[in-house]
Structure formats: C-alpha cells, structure tokens
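> sequence? don't have it. structure:
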C-alpha cells in the first residue's frame, strides 16, 4: 500500500523536510498549553525579552548552515546590533504600514510554480468514446492555432499567476501554525470551490468565506435549502450548500464533480488537473464556430416567450454566427467530453512548456473577451482575496491585519465589494450576486 504523503512535511513530495525554528517550536508549545489568543500575548512578551535574542542567534546559525545567508543575516542583526528592540519595533511598524495599505503578498512571486504535490484526478472514460464534435474540435488546426495565440496573449496578461495561492497558504500558516494552517487553507479553498458554480470569482471567495466561518466557528454548515443571509446568497446556493457539505465530509468526487474538484486542486497548488469551466469549454467551440456547441433552449428574457433553439436558428440561416453572444454557447461539457478536453489543454500546455493549470488560466484570461469573463476574474486569485479583506476592513473600521486574523480563525466572513457591513458575525447588508461565473 502506498504510504500517505503529508503535502507539507514529507520529503516524498516536492518540499524538503521542514525544520521549525526555535521561535516556531516555542509558539506551537504556547498554543498547545494556553490556546491561540493567550499564546499570542505570551509570544509578544517573549519577543521583547532578553531571552529572545538567544533564540535568534540560534536560528541565524541554523539558517546559515542551510545556505539561507540572507535570512541568517537579518535574524542575527535583530539579535546583535545595538538598539535591537528599536530595530525590531521599526521593522514591525513598517510591516503594519504595508498591511494597512493592503500590501500583504509579494505578487512578483506569483509566476512561480507551487511547491505542493502534483497529481491528476480520476476521469470518466466513455465506453463508446468521446462525441464526434469533440474529436473534430481537437483535430481542427485552425482552432489549435487560435488557442495557442489566445494562451500566449493571456500569458502576457498574467495568466501564469492566477492559480498561485502559495502566499495565501503562508498567511494561514503564519496565523495558525504549519499543520493547522495548511488544513485551514485547504478547507477555505474547498468552500470557495464549492461556491464557484454560476458565480464570479469574487463572489465565490465571499460566499466560501461564509461556509468556512460556519464550519470553523462550530456553528455548522447551513442546511441544504436554507436561505443564506445577505450577502451570501446566490440563485444556485442550494447546489453550493450541497457542495459545501461534500467538502466537509471529505471532498468532491472528481467523477461526478470534475470541474469543481479540479478548481479546488488548482487553487490548492496542484497544477495537473484542468478546470474545464464554462470559459474553458466555450473558447475552442467559439473559435471553431461549430453550431453543435450552441444552446438549444436559450432564455430570451421576454416574459412568456418560448425558449430559442439557437443552433437550429443558425443552421437555418435565421441567425448569423457573427451576431452570437457568449450566452448562446453551451456552458458545460458532457460527461463523455471532460477527460478529452483536459487532455487537449494539457497538450497545448506541453507544446508551450506550461503546466495544465497555467495553460487553462492563460486561455481563460486571453479569451475573456470572447467568452465573457468578468473583469474581476482577470486579477490573480490571491489579489481577489486581498481585495475582499481590504473592503471588509474598511467596512468594519479596523486594520486589514485584524481582519486576516479573525477571518482565518473563523470569527468573521468576508463581505461584498463596496457598501457597508453589519458588524455581526458573517452578515452584511448587500445585494444578491450575479451569476456570470466559473461553471
């Protein structure tokens, strides 16, 4: 039986074994003995005591031995230079100033590949093969050329950065410790994925934070069918609630929920699965101008009017391809197509020397004008989370670093962009989200 791999601590994965610093081991012991809040206060007392200098000298030596000379120098400086406490306080003040400005993450690192384990997901294998339209799409050289050009354009717009959540993981670890931080990070990402069908990314973050708060605070997830408080509702919230319960029960089945399970993995740092959301599905179909991918029951928005068969209207000449909108194209691949489309995107990435998740994200951003990507989705995921934290801090009238601590510890959920917030746990007076999302 293959051994279970710890994504953070096991050298069998892509990270080398991690040796906690003396200060980190002390912090972990304080948390275990006194709880999170008391441990924080005791840690501050320790950091301002003479004994703290000894730990920094020890850690500086260990960093130097491992080759981290920059870290060793900075750590030793805090312990050895005259006025050590003043230097430390000045550094902390600089950090807090940056946090107030919302500069929590080093965005220059987002193009780097995550250090988390990489693996594929199970996919449905159709016993009779994939549909003919998918075979034709994959074999179309004009579509392939158009896809490569779109991916290249998206890459220049920052597509490779979109899924890198390593800085967010580090924030969770900073606040909760290494193991608890990773577990909480994975839980939050799971709830964001659960809330992603038919929702924009920023709304998925907001609503995912609500499910995360309900879980971590011990309140329990909403009962399926229960109305979420504003602004955490969505016309498809019943599906989101069912997904959230699946996440809490152990995860999403990639055979029955291939897109949502893949989105969770990509945001967790696994670049191998491909998130075939509605944009990834529509893009090659639109480039192919293939009527087999057009919807057959389009809601016109006219009260009492029958649904429009767009495919039939195009094939009969009543509608022209040039006049179609993104909503006229099908949004969800058939079960028999998902694996083939994942292979298609993986092959495009291989040709460009990119991992699958970066390939899909670059196509998503580069082709957004064709498929209807909302403008907020063009930002890297971590920046979208940061925006939510900053807006929540502004609404509550507190520094963003306090919102980070309270959010990650499950005390509050994040609110909507713009508008005010009711100062109660997990509630705010906001409007319903829209439905243009990653499904």
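In hand now; what should we look at? Keep in mind it's a predicted model, so treat the numbers as computed, not measured.
> what residue ranges in this protein score low on pLDDT?
1-116, 375-377, 416-439 (pLDDT under 70).
> per the record, what domains does it have?
With domains defined by automatic domain parsing, the chain comprises 22-100, 132-147+275-376.
> Quick check on residue 308: phi, psi?
phi -100, psi 130 (degrees, to the nearest 10).
> Run a quick neighbour tally on the closest residue to it other than its chain neighbours.
Of all residues beyond its chain neighbours, the one nearest residue 308 is residue 298 (4.3 Å), with distances taken as C-beta to C-beta, 6 or more residues apart in numbering. Heads up, the C-betas are built off the backbone N, CA and C, glycines and all. Counted by other C-beta atoms under 10 Å, the residues lying close to residue 298 total 17.
> With residue 164 instead?
Applying other C-beta under 10 Å, I find that residue 164 has 27 neighbouring residues.
> I'd say it and residue 382 touch.
Yes: counting by C-beta atoms under 8 Å, residue 164 touches residue 382, with 7.2 Å between them.
> tell me the contacts of the residue nearest to residue 308?
Taking C-beta atoms under 8 Å, 6 or more residues apart in numbering, we find residue 298 in contact with 307, 308, 309, 310, 327, 328.
> How much space separates residue 144 from residue 203?
Separation of residue 144 from residue 203 (C-beta to C-beta, to the nearest Å): 33 Å.
> Please apply the same query to residue 340.
Between residue 340 and residue 203 the computed distance is 30 Å (C-beta to C-beta).
> same question, residue 318
Distance from residue 318 to residue 203, by C-beta to C-beta: 35 Å.
> who has more neighbours, those two?
Using other C-beta under 10 Å as the criterion, residue 318 and residue 203 rank with residue 203 on top: 29 against 11.
> would that one count as being in a helix?
Yes: counting by DSSP: H, G, I helix; E, B strand; the rest coil, residue 203 is part of a helix.
> how close does it get to residue 197?
Look at residue 203 and residue 197: by C-beta to C-beta, they are 11 Å apart.
> Next: residue 379.
Distance from residue 379 to residue 197, counting by C-beta to C-beta: 20 Å.
> list the contacts for the residue nearest to residue 338 when sequence neighbours are not counted?
Spatial nearest neighbour of residue 338, excluding adjacent residues (C-beta to C-beta, 6+ apart): residue 258 at 4.8 Å. Contacts for residue 258 were tallied using C-beta under 8 Å, 6+ apart; they are 121, 123, 124, 276, 338.
> Any chance of JSON lines for the residues you listed, columns secondary structure, distance to residue 220 and neighbour count?
Below are the contacts of residue 258 laid out as JSON lines (DSSP: H, G, I helix; E, B strand; the rest coil; distance: C-beta to C-beta, whole Å; neighbours: other C-beta atoms under 10 Å):
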{"residue": "121", "secondary structure": "coil", "distance to residue 220": "29", "neighbour count": "19"}
{"residue": "123", "secondary structure": "coil", "distance to residue 220": "33", "neighbour count": "18"}
{"residue": "124", "secondary structure": "coil", "distance to residue 220": "33", "neighbour count": "15"}
{"residue": "276", "secondary structure": "coil", "distance to residue 220": "32", "neighbour count": "23"}
{"residue": "338", "secondary structure": "helix", "distance to residue 220": "33", "neighbour count": "24"}
